[in-house]
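Enquirer: fold the following.
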Amino acid sequence: MAKLATWGNELYSGKRSYPFIGQRKLWFGIALVLIVLSVLVPVVRGGFNLGIDFRGGNEFQVAQVHKTDPKVGDDAAHEVIPDKNARTTHLASNTMRVQTDPLTGQQADDLKAALAKAYETDVDKVSVSSIGPTWGADVSRQAAIGLVVFMVLVALLMAVYFRTWKMSLAAVGGLIVVMIVTSGIYAAVGFEVTPSAVIGFLTILSYCLYDTVVVFDKIRENTSDPALKYVMTFDEKVNRAVNQTLVRSINTSVVAILPVGSILFIGYWLLGAGTLGDLALALFVGIIVSTLSTLFIQAPLYYQLRKGDADVKELDAEVAQHREESAEALA
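Expert: Predicted coordinates for the structure are as follows:
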């Protein structure tokens, strides 16, 4: 702990520094590769694994089961509806859920009886619900609208708060990277996309925005500090701000990821609570990607957008002149 505190103090004071801004081309290159891969993964896999809330279908909930093996439900569904997709999930200690493509009334009745037999329970303990494709399309449309509205509000609020559209553009750019990369990882793992997963995506974007505000606030503080005006160039001030907030970013990420990791690894994989997996995975991956995006994408992108401004060039020239005069005086 003492070494960690010393490391943090050295970062804040400037005694130790990492080249977040100086190596920005490398970070942008890595981000571009991840974006391309994230776009290609769903294409190669034939799209995302959409839940029935988006594509429509039937859902069976089997209560008071004597077995909790999802394979039992999958096998029963395959025997009754071999031409339909079916996915079984362990919901609770004695409840299973089976989701299928849209079925006819007879197919639904046959599968209901088969599931009751397979899980050794009464037929009346199996409930059936149906979601039409129209309702699923409406859910997809509302999710897309919610995401667009969120991004627009973020852009406007960031521009007003920081009084510069370039910080807003850098923040939105980082959010887009987080969204694409997280979606790519989600598609690669093959987890089902449900309304809970969409909520998870919006949550991680909000988390990324919080971390971004912390870093950008420090950048604004450093770039407006009169004591640093002729001491550091613009890129040095931005880089110092990222280093000064590095420990805080890591700490908040660890604190946030521990409970989410518990839900994902203990709740989903060990205890088999299937309804937690889609939300927990989105949050787990998103928190990690959000933290990396703030440090390696958003702050360097803000510098990239500002480095050509006349005031930045003038400031850097004054700093260079001041350093040259100081060196001559010491010589």
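
Enquirer: which stretches of this structure have low pLDDT?
Expert: 1-2, 4, 92, 133-137, 139, 267-277, 331 (pLDDT under 70).

Enquirer: centre-most residue in it?
Expert: Geometric centre of the chain, nearest residue: Gly286, 2.4 Å, by Cα atoms, centre = their mean.

Enquirer: check the secondary structure at that one for me.
Expert: helix (DSSP: H, G, I helix; E, B strand; the rest coil).

Enquirer: quick one: it and Val213, what's the gap?
Expert: Distance from Gly286 to Val213, counting by Cβ to Cβ, to the nearest Å: 17 Å. Where C-beta positions appear, they are placed from N, C-alpha and C, glycine not excepted.

Enquirer: so Leu103: helix, strand or coil?
Expert: coil.

Enquirer: scratch that, Met232 is what I was asking about
Expert: coil.

Enquirer: one step back: now the residue nearest to the centre of the chain: how far from Ile185?
Expert: 9 Å.

Enquirer: and the closest residue to Ser17 other than its chain neighbours, what is it in contact with?
Expert: Closest residue to Ser17 apart from its sequence neighbours, by Cβ to Cβ, 6 or more residues apart in numbering: Asn243 at 5.2 Å. Contacts for Asn243 (Cβ atoms under 8 Å, 6 or more residues apart in numbering) come out as Leu11, Tyr12, Gly14, Arg16, Ser17, Tyr18, Phe20.

Enquirer: same thing but 7 Å
Expert: With contacts defined as Cβ atoms under 7 Å, 6 or more residues apart in numbering, Asn243 is in contact with Leu11, Ser17, Tyr18.

Enquirer: where do the helices sit along the stretch 101-250 of the chain?
Expert: 105-118, 133-162, 165-189, 195-223, 234-244, 246-261 (DSSP state H, counting those that start in this stretch).

Enquirer: the shortest one versus helix 246-261: what angle between them?
Expert: Note on geometry: by axes from the mean of the first three to the mean of the last three Cα atoms, to 10 degrees, helix 234-244 and helix 246-261 are set 40 degrees apart in direction.

Enquirer: and helix 234-244, how far out from the chain's middle?
Expert: 25 Å (Cα atoms, centre = their mean, to the nearest Å).

Enquirer: do stretch 99-113 as well
Expert: The answer for stretch 99-113 is 35 Å, by Cα atoms, centre = their mean.

Enquirer: just the endpoints, please. Distance across stretch 38-56?
Expert: In stretch 38-56, first residue to last residue: 26 Å (Cα to Cα, to the nearest Å).

Enquirer: who's in contact with that stretch?
Expert: So stretch 38-56 is in contact with 59, 99, 102, 131-133, 135-136, 139-140, 180-181, 183-184, 187-188, 190-195, going by Cβ under 7 Å, 6+ apart.

Enquirer: and stretch 160-174, by the same measure?
Expert: 151, 154-155, 158-159, 208-209, 212, 216, 220, 293-294, 297-298, 301-302, 305-306.

Enquirer: buried residues, that stretch. List them.
Expert: Phe162, Thr164, Lys166, Met167, Ser168, Leu169, Ala170, Ala171, Val172, Gly173, Gly174 (16 or more other Cβ atoms under 10 Å).

Enquirer: related to what we said a few turns ago, among the contacts of stretch 160-174, which ones are buried?
Expert: 154-155, 158-159, 208-209, 212, 216, 220, 293-294, 297-298, 301-302, 305-306.

Enquirer: tell me the SS of Leu301?
Expert: Strictly by three-state DSSP, Leu301 counts as helix.

Enquirer: what sits against it?
Expert: Ala170, Gly173, Gly174.

Enquirer: output these in CSV, with distance to Ala114 appended to each entry.
Expert: Output for these, formatted as CSV (distance: Cβ to Cβ, whole Å):
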residue, distance to Ala114
Ala170, 55
Gly173, 51
Gly174, 49
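
Enquirer: tell me the one among the residues you listed nearest to Gly261.
Expert: Gly174 (23.0 Å; Cβ to Cβ).

Enquirer: from Gln304, how far out is that closest one?
Expert: In terms of Cβ to Cβ, Gly174 sits 12 Å off from Gln304.

Enquirer: dihedrals phi and psi, the closest residue in space to Ser130 that isn't next to it in sequence?
Expert: Using Cβ to Cβ, 6+ apart and skipping residues adjacent in sequence, the residue nearest Ser130 is Asn58, 5.3 Å away. Reported as degrees, to the nearest 10, the phi and psi values for Asn58 are phi -120, psi 150.

Enquirer: wait, isn't Phe296 in contact with Lys25?
Expert: No: between Phe296 and Lys25 there is no contact under Cβ atoms under 7 Å: 11.4 Å.

Enquirer: these two - which one has more neighbours?
Expert: Each of Phe296 and Lys25 has its neighbours counted (other Cβ atoms under 10 Å); Phe296 has more, 21 against 10.
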